[in-house]
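J.: next comes the sequence, and after it the predicted model I'd like to discuss.
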Amino acid sequence: MLQTRLACAAWRWHTSAQWTRHCPATALSSSSRRSYVIRPAEGKRGEVDISMIPPERIRNFSIIAHIDHGKSTLADRLLELTGVISKTGKNKQVLDKLKVERERGITVKAQSVSMFYEYKGQQYLMNLIDTPGHVDFSYEVSRSLAACQGTILLVDAAQGIQAQTVANFYLAFGEGLSVIPMLNKVDLPTAEPERAAKQIESAFEIEADRILKISAKTGLGIEQVLPAVIEQTPPPPGSAEKPFKALLFDTWYDTYVGVVCLMAVKDGSICRGDRIVSSHSGTKYEVMEVGVMHPEQTPTTLLRVGQVGYIVCNMKSIAEAHVGDTFYRDRFPVEALPGFVPAKSMVFAGVFPIDAGEFDRLNESIQKLTLNDSSVSVHKETSAALGQGWRLGFLGTLHMDVFRQRLEEEYDTNILITSPTVPYQIKYRDGTSKFIRTPADFPDANTMNDYVESTMEPFVISTLIFPEKYLGSMLELCTTHRGELQNHTFIDESRVMLKCRLPMAEIVTDFFDKLKSKSQGFASFDYEEAGYDASDLVKMEVLLNGEAVDALAAVMHKSSVIVAGREIASRLKDVIRRQLFDIIIQTTANGKIVARETVKQLRKNVTAKCYGGDITRKMKLLNKQKEGKKRMKRIGKVDLPHEAFLTIVKRSE
């Protein structure tokens, strides 16, 4: 038997694409076959065989929770428990592979990993997807849930239910997933597991006796997690007899092999050498490699129904990969899967290279990064002040900031990002309407008076959860940001859940910072779209010596014009360097000047070379200087530093 196993393993190494069809080990019993699940050596790119694990012993599950409730730490403990990584004190955020994730301590990108776990004498393949917790990355969560049949709902025993806990639960509930509730951080001195369990029971109608109590940091109760997942999560649906069909739910770019596709196999199987077809484009590809994340890319012999893994198929062009696409075997077409609802960008910002010569390299970098983050929309635009660039759409301001950081750190680019805006809708008197994604496209005062019937802006329904003592501060915060109170309820004796309707434009400025400040960090926040509604909007422009700077324009509510105009003018005065002529800074709205500041000119001492003598000599030099300054002011260009644009972006800090 031992010789048979060694011979089979050696044969599989050379002919892995076909070995399962001819290997003599296939005649062995199922218990013997399970011993062929070969784990790669630590730190090496080995190969694993998952072909012997039937679909009924596969579990695809994710972890969802509010930000900082311990999702990534729990994933680390599960990886240690199953032997994917060694048990050392250095394991921290193993699945958070991006530099920005480790620096900020948050999960930005959903990551998958395959684990092997023996339960009641049988080996199971556990495919885990770790998801982000911030509201800006809810699209990552929804895509991940589409590849799962169950999910762990993780709640901090000290903080209890938070806003994103509620949002993620209903995402999973809407997908029809089995929800496994767990309380984390029960070892903390401030933990109140009984109170948190009552909140879960009250908010989600989940029995308290179903809730597991664990500590991902210390490992308390971790051995109960995977058995609970196995028992409460159904195996993936699908048939091994049907033709191959898979859902593409993530992609990334590899310098050596091109586009790598992460897929959930719905029917059939796929192995190296097979030819697959994209339902979206009809393009055919030859499969060069298949594998699982273990936790890095680890090749396998094949991928079968119910499994989640990656496929390298010689896809060289970034434009060929479409998240939500269905792939099938060549000459065996299948009905396309529903895919995903495209992400709707709610925050737009202009991105420009600081050095115009870097345009092409930056364009390539943005294409590669958007391959890994399909929720970003990209449109080229041109600015009179900043040159050629792009108008990028994001799901929120944190999403925008993370994208900027990844672009600068992963691709070594120097960029300038303009102030974030939301998409506005203009309704004209002739019955037509238009969406405005950049302030430069917003109608001027004359057009507004003659042709525009109404202006509309997007609204959201926000959910705020906070201790009762901050109720007054939270109501005041919502009111000052043009919010309309919907309702508020007590989720327990000391915590309040408040629903409020807010303009999206108010959220992308300083709302979240003020929320944390007024609640001393105890409030959590989440929102969902609530459509468009009429609003009194105006376009504010910044004039420098009478010339409008399109990159500094902004659209805002009429009630905010005076305060914002004065603040912008004052901040620009502080960052624009003095030149040899006066620089007049003006902010205008509806054709009227809102605020004015002046950057005084530098004075060159032209009389320094005069030593006494007739005063007329000095006056002649001074008058000549005065005339020169007038001429310079007429033809001179204002040197606008990059700090000026950053000032507008950060004007609310």
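T.: On my side now, so go ahead.

J.: drop to CA atoms for contacts and neighbour counts, all remaining ones
T.: OK.

J.: helices of the stretch 201-350 of the chain, start to end?
T.: 225-232 (DSSP state H, counting those that start in this stretch).

J.: swap that for the stretch 401-550 of the chain, sorry
T.: Counting by DSSP H, counting those that start in this stretch, the helices of the stretch 401-550 of the chain are 445-451, 471-480, 504-506, 512-518.

J.: can you tell me which of these is most buried?
T.: helix 504-506 (a mean of 23; mean count of other C-alpha atoms under 10 Å).

J.: need the helices of the stretch 401-550 of the chain in CSV with distance to Lys573 and mean pLDDT, can you?
T.: Output for the helices of the stretch 401-550 of the chain, formatted as CSV (distance: least, C-alpha to C-alpha, whole Å; pLDDT from 0 to 100):
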stretch, distance to Lys573, mean pLDDT
helix 445-451, 26, 87
helix 471-480, 27, 92
helix 504-506, 25, 89
helix 512-518, 25, 82
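
J.: in TSV, list those helices along with distance to Arg329.
T.: Converted to TSV, the helices of the stretch 401-550 of the chain look like this (distance: least, C-alpha to C-alpha, whole Å):
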stretch	distance to Arg329
helix 445-451	55
helix 471-480	54
helix 504-506	44
helix 512-518	48
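
J.: gap between Val460 and Ile507?
T.: From Val460 over to Ile507 the distance is 9 Å, taken as C-alpha to C-alpha, to the nearest Å.

J.: sorry, back to before: ok, which of the helices of the stretch 401-550 of the chain comes nearest Val347?
T.: helix 504-506 (8.6 Å; C-alpha to C-alpha).

J.: and the closest one, what does it pack against?
T.: Here helix 504-506 touches strand 452-467, going by 3 or more C-alpha pairs under 8 Å, 6 or more residues apart in numbering; DSSP states H and E.

J.: which other helices and strands does the strand it packs on contact?
T.: Judged by 3+ C-alpha pairs under 8 Å, 6+ apart, the packing partners of strand 452-467 are helix 163-174, strand 424-428, strand 495-503, helix 504-506, strand 524-534.

J.: list of residues touching that strand?
T.: 162-163, 422-429, 494-505, 519, 522-537 (C-alpha atoms under 8 Å, 6 or more residues apart in numbering).

J.: partner strands of that strand, with direction?
T.: Strand pairing for strand 452-467, determined by DSSP bridges: strand 424-428 (antiparallel), strand 495-503 (antiparallel), strand 524-534 (antiparallel).

J.: of all the ones you listed, which one is nearest Val155?
T.: Of those, nearest to Val155 by C-alpha to C-alpha is strand 524-534, at 13.3 Å.

J.: surely Gln625 is in a helix?
T.: Yes: using DSSP: H, G, I helix; E, B strand; the rest coil, the assignment for Gln625 is a helix.

J.: closest one to Leu544 among the helices of the stretch 401-550 of the chain?
T.: helix 445-451 (19.1 Å).

J.: can you give me how far the closest one is from the chain middle?
T.: Centroid displacement of helix 445-451 relative to its chain, using C-alpha atoms, centre = their mean, to the nearest Å, is 38 Å.

J.: show me what it packs onto, helices and strands only.
T.: Using 3+ C-alpha pairs under 8 Å, 6+ apart: helix 445-451 touches no other helix or strand.

J.: now what about that helix, what contacts it?
T.: With C-alpha under 8 Å, 6+ apart as the test, helix 445-451 has contacts from Tyr428, Arg429, Asp430, Ala589, Asn590, Gly591.

J.: repeat the analysis, applying 10 Å as the threshold.
T.: 426-430, 442-443, 452, 454-455, 538-539, 589-592 (C-alpha atoms under 10 Å, 6 or more residues apart in numbering).

J.: ok so, going back, who touches both of Val460 and Ile507?
T.: Tyr527.

J.: flag every buried residue along stretch 230-245.
T.: In terms of neighbour count (16 or more other C-alpha atoms under 10 Å), stretch 230-245 has its buried residues at Ile230, Gln232, Thr233, Pro234, Pro235, Pro236, Ser239, Ala240, Pro243, Phe244, Lys245.

J.: ends of it, how far apart?
T.: This stretch, stretch 230-245, spans 25 Å end to end (C-alpha to C-alpha).

J.: work out the gap between that stretch and the centre of the chain.
T.: 29 Å.

J.: swap in stretch 569-576?
T.: 32 Å.

J.: give me the buried positions along it.
T.: For stretch 569-576, by 16+ other C-alpha under 10 Å, it's Ala569, Ser570, Leu572, Lys573, Val575, Ile576.

J.: over to stretch 610-621?
T.: Neighbour counts over stretch 610-621 (16+ other C-alpha under 10 Å) mark Lys618 as buried.

J.: so which of the buried residues of stretch 230-245 are in strands?
T.: Residues of the buried residues of stretch 230-245 located in strands (DSSP state E): Lys245.

J.: contacts only, for Val179.
T.: Neighbouring residues of Val179 by C-alpha under 10 Å, 6+ apart: 61-64, 149-153, 169, 172-173, 206, 229, 232-233.

J.: hmm, 7 Å instead?
T.: Applying C-alpha atoms under 7 Å, 6 or more residues apart in numbering, we find Val179 in contact with Gly150, Thr151, Ile152, Leu153.

J.: and it, what element?
T.: Val179 belongs to strand 178-184 when assigned by DSSP states H and E.

J.: that strand to helix 163-174, inter-axis angle?
T.: 160 degrees (axes from the mean of the first three to the mean of the last three C-alpha atoms, to 10 degrees).

J.: and strand 178-184, which strands flank it?
T.: By DSSP bridges, strand 178-184 pairs with strand 150-156 (parallel), strand 212-213 (parallel).

J.: Lys469 is nearest to which of the ones you listed?
T.: strand 150-156 (20.6 Å).

J.: let me see the mean pLDDT of the closest one.
T.: What strand 150-156 shows for mean pLDDT is 93.

J.: what's the angle between it and helix 225-232?
T.: 130 degrees.
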